[in-house]
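Trainee: Sequence plus the predicted model coming up.
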Amino acid sequence: MLENKNEFEVLCDKVFKIDNMIRSARVINTKGKLEAGGMREGLKALESFKKDEMLFMELSLRVRMRHEFDEEFGPVEFSLSYRGKIIVFSFPLKADMVLMVTSERQVDLGRVPFEILKLLG
């Protein structure tokens, strides 16, 4: 599994190569702070920097809370929010870190998240 910030940056770069519909790839730590990654070059975030911080904190908390049902259902491999303007994927990493990926709504949901899982394998 990934060990340091440089490996997280490499992971985010690989995620972008999976599909041109991917808007962002970011690694978020347990405190909801950005560790690596960002927006695809040439794209502007739909939210402000302050809203990013709130989104990251909320996502980090949600990922930690999902462990409550691991015994009954097995661990979460990824979660998806199909929103009005974008899709938000979250992939739990070790030590409660999370890979957050956003994409356009037209992304291939039968392929893209599973390609990302292969990267994390």
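Mentor: All right, it came through fine.
Trainee: residue nearest the centroid of this structure?
Mentor: Centroid check for the chain by CA atoms, centre = their mean gives residue 100 as the closest residue, at 1.3 Å.
Trainee: so who does it touch?
Mentor: By CB atoms under 8 Å, 6 or more residues apart in numbering, the residues touching residue 100 are 24-28, 56, 59, 88-91. Heads up, the C-betas are built off the backbone N, CA and C, glycines and all.
Trainee: to the chain's geometric centre, what's the distance from the helix or strand of the chain with the lowest mean pLDDT?
Mentor: Here the helix or strand of the chain ranked lowest by mean pLDDT, DSSP states H and E is helix 49-66, holding a mean of 80. Chain-centre distance of helix 49-66: 11 Å, with CA atoms, centre = their mean, to the nearest Å.
Trainee: and whatever helix or strand comes next after it, what's its mean pLDDT?
Mentor: The helix or strand immediately downstream of helix 49-66 is helix 70-73, counting by DSSP states H and E. Mean pLDDT, helix 70-73: 91.
Trainee: residues in contact with helix 70-73?
Mentor: residue 76.
Trainee: which parts of the helix or strand that contains residue 36 are buried?
Mentor: Using DSSP H and E, the secondary-structure element containing residue 36 is strand 34-39. Going by neighbour count (16 or more other CB atoms under 10 Å), the buried part of strand 34-39 is 35-37.
Trainee: Same check on stretch 112-121?
Mentor: By neighbour count on 16+ other CB under 10 Å, the buried set for stretch 112-121 is 112-113, 116, 120.
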